[in-house]
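Q: Next input, structure requested:
(one chain, ligands or ions: 1)
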Amino acid sequence: MNDTIRQRFLEFAYGMFIHYGLYTLYERGEWVMSKERMSNEEYFKVIPQFKNHAFLAEEWVGIAARSGMRYAVLTTRHHDGCFIGDELVGSFCDACRKHGLGIGLYYSVGDWSDFDFRGGAKGPNWGRFVEKTHRQLKELMTDYGPVDYLFYDGCPSPQSWKAAELHCELRRLQPGLLISCRCGLEEDVASSEQHSGSHAGLWESCYTLNDSWGYNRYDQNWKTPEKIIELLMTLRHNGGNLLLNVGPDGNGRIGEEEVGILNQVKAWLDRNGEAVYEVVPHPFDYKDQEISVAHGNTAYIQLQADYRGPERMICGIGNRIKDITLLSTGKKIGFVQNADKLTLTGLPFKKKDELPRVLKLELDGAPFGIHNPMWPEDHFRVC
Ligand code: GLC
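A: Below is the predicted model of the structure:
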């Protein structure tokens, strides 16, 4: 992987995960086929009602772009083994290119509707399953132009489906491709699910916006914009991206509720985005114990939600600080700096319902942290 591709992924920062497939029509999540032990005949009978118009993908990607997201990952085939169709995948890739978003394609190797797969790696027709998997993935990496990211899910052990051999071929087809470590090999991008992991190298955490990946009409447990912003900042502080899921409904529409939440996050990004995209993680080597990121000699610190002002201390910053402002308004914040103790004075109180606030600190040079004498020097492993 070259540095440009690496850098590009790091700066994607915030992306849209889209779960859309036949399961969508059942309106109770993407695992419905397996959970309810549906036969292929039963499950696939909804195919004629499945909407795969090109304009839907254009709509999804448009929402992602307007939400400040810089990449999108579409489920081309989930565990039900059903491809969502050339038209949708093709228009999704075109729309991403048009809007300047990175293109991610999700593919589940595991396939509930394939009896060769169900028979297991020791079963008589496993070879046929492996051939099919290779053929489909090669098609996916051939038919739609350059793809940035292959997101795997539901993978059996990588040796059993000759993942390493396959990847040599995929990389020939797509020289710039990033491959997800979810295949079980140490590839390019690690990914955690529903928790904020921290990995060496490129990584992201994917989260649902409510509690479901595929459309679930009964699930109204939406995350608040505040929660999403906190997740985003925490992930950026730890060096990862946030891949946030939406589940369009049976008409292929992303619900108003979801769009409303994304819009509020976007309004916050409009004022605070410089603390999110082109930043380096934990600039003070975690010695500040804050959610911090930096760009050059500028550091950004997110004030924790429980903070109520007007005075607050931040310890562990090694630099002299030249200036502090509230990023969203540009208002100057008074401060006193004494060795490794920085006391902020005159911070405005956080208003009820105000979204997380970020401080912008102009430093005298490249950020560095100061050791906390209460811990031995080598106590924390710094990533
Ligand atoms: C899990 C689920 C799957 C979902 C995925 C998203 O692996 O099995 O349904 O697509 O998480 O990362």
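
Q: ranges for the helices of this structure?
A: 3-12, 22-26, 32-35, 40-44, 54-66, 86-99, 115-118, 126-140, 163-173, 225-237, 256-272 (DSSP state H).

Q: Point out the most buried one among the ones you listed.
A: Mean neighbours per residue, mean count of other Cβ atoms under 10 Å, is largest over those for helix 22-26, with a mean of 23. Where you see a C-beta, it was placed from the backbone N, CA and C, and this is true even at glycine.

Q: Return the mean pLDDT over it, rounded to an integer.
A: The pLDDT scores in helix 22-26 average 98.

Q: Alpha carbons of it, in PDB - could you do that?
A: Output in PDB follows, covering the C-alpha atoms of helix 22-26 (Å, rounded to 0.1, in the frame of the first residue of the first chain):
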ATOM      1  CA  LEU A  22     -33.700  -8.600   0.200                       C
ATOM      2  CA  TYR A  23     -33.800  -8.700   4.000                       C
ATOM      3  CA  THR A  24     -34.800  -5.000   3.800                       C
ATOM      4  CA  LEU A  25     -38.200  -6.100   2.500                       C
ATOM      5  CA  TYR A  26     -38.800  -8.200   5.600                       C
END
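
Q: Run through who's touching that helix.
A: 29-33, 43-44, 46-47, 49-50, 78, 80, 82, 214-215, 247-250 (Cβ atoms under 8 Å, 6 or more residues apart in numbering).

Q: picking up where we left off before, can I get the helices of the chain in a markdown table with distance to Leu347?
A: A markdown table is the format used below for those (distance: least, Cβ to Cβ, whole Å):
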| stretch | distance to Leu347 |
| --- | --- |
| helix 3-12 | 30 |
| helix 22-26 | 46 |
| helix 32-35 | 49 |
| helix 40-44 | 56 |
| helix 54-66 | 32 |
| helix 86-99 | 37 |
| helix 115-118 | 57 |
| helix 126-140 | 51 |
| helix 163-173 | 50 |
| helix 225-237 | 18 |
| helix 256-272 | 16 |
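
Q: Any idea what the residue nearest to the spatial centre of the chain is bridged to?
A: Geometric centre of the chain, nearest residue: Leu243, 1.8 Å, by Cα atoms, centre = their mean. Beta-bridge partners of Leu243, counted by DSSP bridges, are Gly15, Cys206.

Q: Run through the residues that contact it.
A: Counted by Cβ under 8 Å, 6+ apart, Leu243 has contacts 15-17, 71, 73, 191, 204-207.

Q: got those residues as JSON lines, with pLDDT columns?
A: As requested, these are exported to JSON lines (pLDDT from 0 to 100):
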{"residue": "Gly15", "pLDDT": "98"}
{"residue": "Met16", "pLDDT": "98"}
{"residue": "Phe17", "pLDDT": "98"}
{"residue": "Tyr71", "pLDDT": "98"}
{"residue": "Val73", "pLDDT": "98"}
{"residue": "Ser191", "pLDDT": "94"}
{"residue": "Glu204", "pLDDT": "97"}
{"residue": "Ser205", "pLDDT": "97"}
{"residue": "Cys206", "pLDDT": "98"}
{"residue": "Tyr207", "pLDDT": "98"}
